[in-house]
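Engineer: model this:
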Amino acid sequence: SAYMSAELWEEMLRQNDWNQAWLRDDRYEAVMHLVTAADGKPEYYTLANNKARTETPEQAIELDRKLRSAWIGHRALRIIDNSTDFEEKMTRVYQTVAQVVGLPIKSGRITRKKFVLKAVDLSQLLQLKEVQLFDVEQTVLARAGASTEDSIGTQHHASGDSNA
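Structural biologist: Purely as a prediction, here's the structure:
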């Protein structure tokens, strides 16, 4: 609804037999809204590092507020503001996601351990209980001069290969 007129929005809802509450409330367990840097940290808002970004800071703030308004009412809306630097903002995102999905949170960053496995026999692995196959797509955000990397990942379940 933030990217189209109210008339077009209503028409889309009608044509698809959708309602706004269902679209907002029933499709996602949680919604993380990261406030645009233009709102609160304008010195970090730039068009130079993102070819898809075309909005002026004022337009970005207006669109950001429309997006936030579209999610108001969702039971697990979390708004991540710009009250800290970017690294701490990402830490707050990780902590919020961990809280929403029920992971224990210790103070500081969430640490993930990764292991390199060699010569894995997939057929034997699938015989174990509670095994799920999934593909992971991960984007690593490396900032010049930063001592850590941030990553954004999505998980896709493999087609039908699950024992859990």
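Engineer: does Ile80 have beta-bridge partners, and which?
Structural biologist: Note on Ile80: beta-bridge partners by DSSP bridges are Leu34.
Engineer: low pLDDT regions in the protein?
Structural biologist: For the chain, residues meeting the criterion pLDDT under 70 lie at 105-117, 129-164.
Engineer: Quick one: residues contacting the residue minimising distance to the centre of it.
Structural biologist: Centroid-nearest residue in the chain: Met32, 6.1 Å away (criterion: CA atoms, centre = their mean). Met32 makes contact with 78, 80, 93, 96-97, according to CB atoms under 8 Å, 6 or more residues apart in numbering. Backbone N, C-alpha and C define where each C-beta goes, glycine included.
Engineer: any idea whether it is helix, strand or coil?
Structural biologist: Secondary structure state of Met32, per DSSP: H, G, I helix; E, B strand; the rest coil, is strand.
Engineer: Return the distance of it relative to Glu11.
Structural biologist: Using CB to CB, to the nearest Å, Met32 is found at 29 Å from Glu11.
Engineer: Which ones among the contacts of Met32 map onto helices?
Structural biologist: Per DSSP state H, helices hold the following members of these: 93, 96-97.
Engineer: and which of the residues you listed is nearest to Leu103?
Structural biologist: Distances from Leu103 to the ones in helices among the contacts of Met32, taken as CB to CB, are shortest for Val97 (8.2 Å).
Engineer: what's the burial count for that closest one?
Structural biologist: When neighbours are counted by other CB atoms under 10 Å, Val97 registers 15.
Engineer: any idea how far it is from Arg27?
Structural biologist: Remark: distance between Val97 and Arg27 (CB to CB) = 17 Å.
Engineer: how about the strands in the chain?
Structural biologist: 31-34, 77-80, 132-142, 149-162 (DSSP state E).
Engineer: hmm, what's the outermost residue in this structure?
Structural biologist: What lies farthest from the middle of the chain is Gln124; by CA atoms, centre = their mean that is 33.8 Å.
Engineer: Could you check how many residues crowd around Arg27?
Structural biologist: Arg27: 9 surrounding residues under other CB under 10 Å.
Engineer: what about it, distance to His74?
Structural biologist: Taking CB to CB as the measure, Arg27 falls 10 Å from His74.
Engineer: repeat for Gln20
Structural biologist: On the measure of CB to CB, Gln20 and His74 end up 11 Å apart.
Engineer: If you count surrounding residues, which of these two has more?
Structural biologist: Between Gln20 and His74, counting by other CB under 10 Å, His74 is the more crowded of the two (18 against 13).
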